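# Sequence plus the predicted model coming up.
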Protein chains: 2
Amino acid sequence: MHPFAKKTADSVASLGEEKLIAAIRRWLGSASPRAPFGIGDDCAVLPASRRAQLITVDPVIYPRHFDDAVPPRDVGAKLLKRNLSDLAAMGGRPTAAVLALTLDARTSLVWLEQFYRGLAATARRYQVPIVGGDIAQADGTVAASLTLLGEAAGARVVTRTGARRGDWIYVTGELGASLPTRHHVTFTPRLAEGAWLARHAAVRAMMDLSDGLAKDLHALTPPGAKPALDGAALPLRRTADLRGALTDGEDYELVFALAARTDRQKFAAAWRRAFPHTRLTCLGQFVSTTASAPGTLNLADFRGYEHLR
Amino acid sequence: MHPFAKKTADSVASLGEEKLIAAIRRWLGSASPRAPFGIGDDCAVLPASRRAQLITVDPVIYPRHFDDAVPPRDVGAKLLKRNLSDLAAMGGRPTAAVLALTLDARTSLVWLEQFYRGLAATARRYQVPIVGGDIAQADGTVAASLTLLGEAAGARVVTRTGARRGDWIYVTGELGASLPTRHHVTFTPRLAEGAWLARHAAVRAMMDLSDGLAKDLHALTPPGAKPALDGAALPLRRTADLRGALTDGEDYELVFALAARTDRQKFAAAWRRAFPHTRLTCLGQFVSTTASAPGTLNLADFRGYEHLR
C-alpha cells in the first residue's frame, strides 16, 4: 500500500495536529498509557528501575526499509521487532518505547492507522508500553524512529565483547533469503532465547544479526582471532544459498560465543528442552589469526550489507 | 551552510558506514562514553535509577527546522536544547541521550562534523552522555531525532495537569520574535528554573512554550476555567509585538500555575534571589469560563503554530 493519499481528505493534512494525535491515541489503545505515564505531557514519566537499563534506537524509512508491497501493519510491527531484537541480543526485556514520526502532509490516514495498529498489536504482545513520541512534517517521506528502553531480564547483560580464542560460535534459527521469504517482517525477536543465554555464564558474548553473518561476526571476534566456520554447517533458510546466508542481512537471529571448555552436549540438550522449536547450530570456532584452518570459509570473500554506499 | 556536498569526496558516501561511525565517535569525544555504556553494542547499558524517570523525543529536520542560514553547530546544539527544555518543564535533569540520524549519501562531512561538535559541546555543558544512536540513509533529507532520558531533579515531577481556577499564571523570560532574534538557537533551556519550581508545592502545573502561548496555554488550563491574561503584562522579547509574543512559537520558556493563595511577593522575592537574571512575569489568572473578564486578552483571536497544515 502506498503511504501517500491521492486526495487531501484522505491525508493527515485533513485532520491537523491535534485531531491526528487524538486518532493516534485511539489507534494505539491499551498499548499507550495515559499521561503523565504516556502521551500528552512534555515528557513521559517512567518508574524507577532497580536493574541495569538498556536503550536502543532503530528506524524504518520509506522507501528504504519498506515499499508499497509491505502492508503498513507489518511496517509498524517490524519497527518494534527490530528494536526488540537488539534488546534480545543483550539478554534484555523491554520496559517502554517512544516513537518519532516524520511524515509528508499527504500521508494517507488509512496507511497511518494500519501502521499504528500493527505497532500497537506488537507492543501488546511483547508488553511494551508506547509512552510518548513526536510528529514532525517533512516533504516526500514517511519515516519512523523508535527508541526502546529495557532492562536486564536476569542478573547479567551480555555484550559483544568477551569472546576468546577457542570459543565456539553458535547461531539461532536459520540464515539468508530474509526478503523473499518475508522473514524480515514475520520474524520473532529472540527475547526468550536471549534471556536464557544470558543466564549461562559460558555464553561470553552475543549480538543479533542484521547485516549478514559475514559482516556482523567481526564485532564478536576477539583480538588476535578469526572465525573458522564450517560452510556445510550453516543453517540455510528455505531458498537461501551459502552466499545469501552470509550476506543477505535482516536475519534477526542471535550469534554468540560459547566458552571453549563447555560441555556442548549438555548445553545443546538444555537448549532443546527450553526451545524445542528453535534451531541452534554450532558454526565453528574462533581460532588464532595465524592458525591455518583448512576447509573453513574465507569470510573476506563475502560482504554483508554496506550502508551509505 | 548547505548540508549537501557538491563532490562525492566531501560527502558521507566517501567514508562508508564503518569509518563514518568512527568519525562520529571522534567528533563526540568525551560526550560519548565507551561501549557497553555508549556507542558500539546492540544496546547501550545505563545504570539503574532510584528516582522516577522521564523520557522525551524531538527532531530537527532540514529544511523545516533549520535552513542553510543556521550554522550546523547550532543545529546540533538546538536539537539537544529542545529536548532539555521538555525535561525542564517537568522539573527534571538529564541522564542520557540517543540520536537517530537519517541522511542523504551526499551529506557534507564538514556539515556533519560541525553538527556533531555542536551537539557534543552542548552535551558536555549539560552533562548529558550521548550513549547511542543509529544512522540510516534516505534521499534528499537530513533529519535527526534525539531521545532524551532524565529523572526528577528533586522529590517531585510537575505535569501539565493540576492547575485550578483562581491559580496565577506565570511565565519565565520573554516571548515572541524567536526567529529574527535567533533566540530559537541561542536560548538556554530552563533546567535550573524548572528544578527550583518543582521544589515549590505551590507550583501546581508547568509546561514549556514551543508553539506560542495562545496555543500552548490550553494544555495547562483546568476544566471549567479559562485564562484571563493582561496583554500589557506580556514580557515582549526585543522586536516582538503582542501578536508575536502569543503566536511566534519556539520561546522555550516555562509557563506555570501558582496556587491562588500563595504569598506572591514572597515567591517573587525568592525567585529573584535564586535567578536574579531571569525575568518572571505574572500574566493573569485562571478564571471560571462563565466569568466576565473585562480588559483581558481573547486568546481565540490568536493562533499558535499549526503543525501538519
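Perfect, thanks for sending it. Numbering: from 1, shown residues only, chains lettered A, B, ... in the order given.

# switch to C-alpha atoms for all contacts and neighbour counts from now on
Noted.

# can you give me the strands for the stretch 151-300 of chain A?
A:168-172, A:203-208, A:225-229, A:254-258, A:280-288 (DSSP state E, counting those that start in this stretch).

# Show me what the second one pairs with in its sheet, parallel or antiparallel.
Based on DSSP bridges, the pairing partners of strand A:203-208 within the sheet are strand A:254-258 (antiparallel).

# picking up where we left off before, quick check: which of the strands of the stretch 151-300 of chain A is nearest to B:Asp10?
Nearest to B:Asp10, of all the strands of the stretch 151-300 of chain A, is strand A:203-208, at 32.4 Å by CA to CA.

# So for that closest one, what gets flagged as buried?
A:Val203, A:Arg204, A:Ala205, A:Met206, A:Met207, A:Asp208 (16 or more other CA atoms under 10 Å in any protein chain shown).

# possible to save the strands of the stretch 151-300 of chain A as JSON lines with mean pLDDT?
Formatted as JSON lines, those follow (pLDDT from 0 to 100):
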{"stretch": "strand A:168-172", "mean pLDDT": "98"}
{"stretch": "strand A:203-208", "mean pLDDT": "98"}
{"stretch": "strand A:225-229", "mean pLDDT": "96"}
{"stretch": "strand A:254-258", "mean pLDDT": "98"}
{"stretch": "strand A:280-288", "mean pLDDT": "97"}
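
# Out of those, which gets nearest to B:Leu242?
The closest of the strands of the stretch 151-300 of chain A to B:Leu242 is strand A:203-208. By CA to CA, the value is 55.4 Å.

# now the angle from that closest one to strand A:168-172?
40 degrees (axes from the mean of the first three to the mean of the last three CA atoms, to 10 degrees).

# Could you list the alpha-carbon positions for strand A:203-208 in CSV?
Extracted as CSV, the C-alpha positions of strand A:203-208 are listed here (Å, rounded to 0.1, in the frame of the first residue of the first chain):
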residue,chain,number,x,y,z
VAL,A,203,27.9,-17.5,26.9
ARG,A,204,30.6,-15.0,26.7
ALA,A,205,29.5,-12.6,24.0
MET,A,206,26.4,-12.2,21.9
MET,A,207,24.8,-10.0,19.2
ASP,A,208,22.0,-10.0,16.8
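
# Can you tell me which of the strands of the stretch 151-300 of chain A is nearest to A:Gly92?
For these, proximity to A:Gly92 was assessed by CA to CA; strand A:203-208 is nearest, at 11.8 Å.

# how far does the closest one sit from the chain's center?
Relative to the centre of its chain, strand A:203-208 is centred 14 Å away, using CA atoms, centre = their mean, to the nearest Å.

# neighbours of A:His277, just the number please.
For A:His277, the neighbour count with other CA atoms under 10 Å in any protein chain shown is 10.

# and what of A:Arg238?
13.

# Next one: it from chain B, what distance?
Between A:Arg238 and chain B the computed distance is 27 Å (CA to the nearest CA, to the nearest Å).

# Please look at that residue and A:Pro180 and confirm they touch.
No - between A:Arg238 and A:Pro180 there is no contact under CA atoms under 8 Å: 9.7 Å.

# Residue numbers of the stretch 151-300 of chain A in contact with chain B?
Within the stretch 151-300 of chain A, the residues that sit near chain B (CA under 8 Å from any CA of the partner chain) are A:Thr159, A:Arg160, A:Met207, A:Asp208.

# Just the closest of these to B:Ala89, please.
Nearest to B:Ala89 out of those is A:Thr159 (CA to CA; 35.3 Å).

# Where does pLDDT dip in chain A?
A:304-309 (pLDDT under 70).

# Could you break it into its assigned domains?
Listed by automatic domain parsing, the domain ranges of chain A are A:8-40+A:49-152, A:168-293.

# These: which one's closest to B:Gln114?
When the domains of chain A are compared by CA to CA, domain A:8-40+A:49-152 sits nearest B:Gln114, at 22.6 Å.

# Please state the offset of the closest one from the chain centre?
On CA atoms, centre = their mean, the centre of domain A:8-40+A:49-152 falls 14 Å from that of its chain.

# end-to-end on it?
End-to-end distance for domain A:8-40+A:49-152: 46 Å, by CA to CA, to the nearest Å.

# repeat for stretch A:64-72
First-to-last residue span, stretch A:64-72, CA to CA: 14 Å.

# likewise stretch A:63-78?
Criterion CA to CA; first-to-last residue distance in stretch A:63-78 is 14 Å.

# who's in contact with that stretch?
A:1-3, A:60, A:111-112, A:114-122, A:184-185, B:137-138 (CA atoms under 8 Å, 6 or more residues apart in numbering or on different chains).

# Write the ChimeraX selection for whichever of those residues are buried.
The buried residues among those can be selected in ChimeraX (16+ other CA under 10 Å) with this line:
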select /A:2,3,60,111,112,114,115,116,117,118,119,120,121,122,184,185 /B:137,138
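
# And the strands in the stretch 1-150 of chain A, which stretches?
A:34-41, A:44-46, A:53-61, A:92-103, A:130-137, A:142-152.

# Against which helices or strands is the fourth one packed?
I take that to be strand A:92-103. helix A:72-88, strand A:130-137, strand A:142-152, helix A:191-198, strand B:53-61 (3 or more CA pairs under 8 Å, 6 or more residues apart in numbering or on different chains; DSSP states H and E).

# What helices and strands are in contact with the fourth one?
For helix A:191-198, the elements it packs on are helix A:72-88, strand A:92-103, judged by 3+ CA pairs under 8 Å, 6+ apart.
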